[in-house]
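**Q** Just need the structure, nothing else, for what follows:
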Amino acid sequence: MPHRWDPISPPVPPLVVPVRIDPTGRDGPTAKQSRGPRWRRTSPGLFVPATVDGATVEQRIVESHARAGPRAVLTGWASLRLQRANFFDGLARDGRTPLPVPIAANGERLASDEHTAVVRDVIPDDEVVVLNGMRCTRPERALYDEMQRIGELREMAVAVGSACAARLTSVGRMRLYAATRRWYRDVRLVKEAIEMAHEDCRSPQEHRFALIWEHDAKWSRPLVNRPVYDVDGRFIATPDLLDPERGVVGEYAGAGHRDLDQHAADIAREADLRDVGLEYVEVVGRDLRDPWRVVRRMQHAAARAVHLERRWVVGPAAWPLTPVE
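**A** So this is what the prediction gives:
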């Protein structure tokens, strides 16, 4: 079973496309059946069986798309999700509030509602691909639109990293895309976010830690997910972040690290890294809401690291996430 924090989501599950009322009852509910307990209305005139779970992200997408019209195009996080980018889960930053499904009207008479956010852009055909029977924007356009929706520089950079982690695009491809779309809205902010992004972070929280590392602590850009060996060539660990000049590693400890076996492994890993002369900074989600708390922790680690004997070397990238340019 894929791990919850795998950047690539499982294949899209079977989806149930909403249907209209059918007087015969063959291809949809009759008018009477549609008012009964066995059918659920997804939007005016469209229904699915009541057993269909409308809370799953992919089913939410298909239900919004069904009312959109043949020219409309799914974009933003919804398109990225259908292309199996796991971290685009259709939820707000609080992890609970559902985001409306973004759809480019493309000339259709379509209005936003509580489930759908209508974008008035016209998507050219060369930026459209059909997925699960739905018209969707290609990865670069979908990500560009999602960055516009987000509007905050660091979170835009995190979105780039999440799409790269899913192997849908790369910083180089997004840089080229933005350069050839100079007339697009917010292109300067998008370009800045692309340059801030890290391609090889394994999770959004790890990416947020890397941004604090570089832009709040003002340390050099960290090495991300690079293996560390001792001087005899024995593998030690692959830390989330590494400053090879200061000899400090950074680790984000997510919810999975609360497991007793994982916690024991984390303690052993920290000891192994210190044994070869690397200081250790660990953060949790709450810490990332207070960058200066993280910076102080990093500064204290750097002060301790100067007293350690360096008996470690950095190996080549161990987790190639992004596609070849």
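**Q** Wait, Gly69 touches Glu108, no?
**A** Yes. Gly69 is within contact range of Glu108, at 3.6 Å (criterion: Cβ atoms under 8 Å). Glycine gets a C-beta too; all of them are placed from N, C-alpha and C.
**Q** mind checking how far the residue nearest to Glu127 when sequence neighbours are not counted is from Glu270?
**A** The shortest distance from Glu127 to any non-neighbouring residue, by Cβ to Cβ, 6 or more residues apart in numbering, is to Arg141 (4.4 Å). Look at Arg141 and Glu270: by Cβ to Cβ, to the nearest Å, they are 43 Å apart.
**Q** State the distance from Asp126 to Glu140.
**A** 11 Å.
**Q** and those two? which has more neighbours close in?
**A** Glu140 (20 against 8; other Cβ atoms under 10 Å).
**Q** Which secondary structure state does Ala117 sit in?
**A** Following DSSP: H, G, I helix; E, B strand; the rest coil, we place Ala117 in the strand state.
**Q** ok, Asp287 touching Met298?
**A** No. Taking contacts as Cβ under 8 Å, Asp287 lies outside contact range of Met298: 10.9 Å.
**Q** ok, these two, which is more surrounded?
**A** Legend: neighbour count by other Cβ under 10 Å for Asp287 and Met298, higher for Met298 (24 against 19).
**Q** so how far is the helix or strand harbouring that one from its chain's centroid?
**A** Per DSSP states H and E: Met298 is located in helix 291-305. Centroid separation between helix 291-305 and its chain, computed with Cα atoms, centre = their mean, to the nearest Å, is 27 Å.
**Q** Just list what it packs against, helices and strands only.
**A** Counting contacts by 3 or more Cβ pairs under 8 Å, 6 or more residues apart in numbering; DSSP states H and E, helix 291-305 is packed against strand 248-252, strand 279-283.
**Q** re the thing from before, what's the burial count for the residue nearest to Glu127?
**A** Here the number of neighbours of Arg141 (other Cβ under 10 Å) works out to 25.
**Q** My guess is it contacts Gly76. True?
**A** No. With contact defined as Cβ under 8 Å, Arg141 does not count as touching Gly76 (9.4 Å).
**Q** Show me what the lowest-mean-pLDDT helix or strand in the chain is packed against.
**A** Of the helices and strands making up the chain, the lowest-confidence element is helix 260-275, at a mean of 79, by mean pLDDT, DSSP states H and E. Secondary-structure packing of helix 260-275 (3+ Cβ pairs under 8 Å, 6+ apart): strand 235-237, strand 248-252, strand 279-283.
**Q** what's the closest of the ones you listed to Gly151?
**A** Set against Gly151 and scored by Cβ to Cβ, those come closest in strand 248-252, at 24.4 Å.
**Q** List of residues touching that closest one?
**A** Defining contact as Cβ atoms under 8 Å, 6 or more residues apart in numbering, one finds that strand 248-252 is touched by 203, 205-206, 209-210, 213, 222, 228, 237, 239-243, 266, 270, 273, 278-284, 298, 301-302, 305.
**Q** how near is Thr116 to Ala68?
**A** Computed as Cβ to Cβ, the Thr116 to Ala68 distance reads 8 Å.
**Q** what is in contact with those two at once?
**A** Ile103, Leu110.
**Q** which regions of the stretch 151-300 of the chain lie under the pLDDT threshold?
**A** By pLDDT under 70, the low-scoring segments of the stretch 151-300 of the chain are 255-263.
**Q** With that, I have no additional questions.
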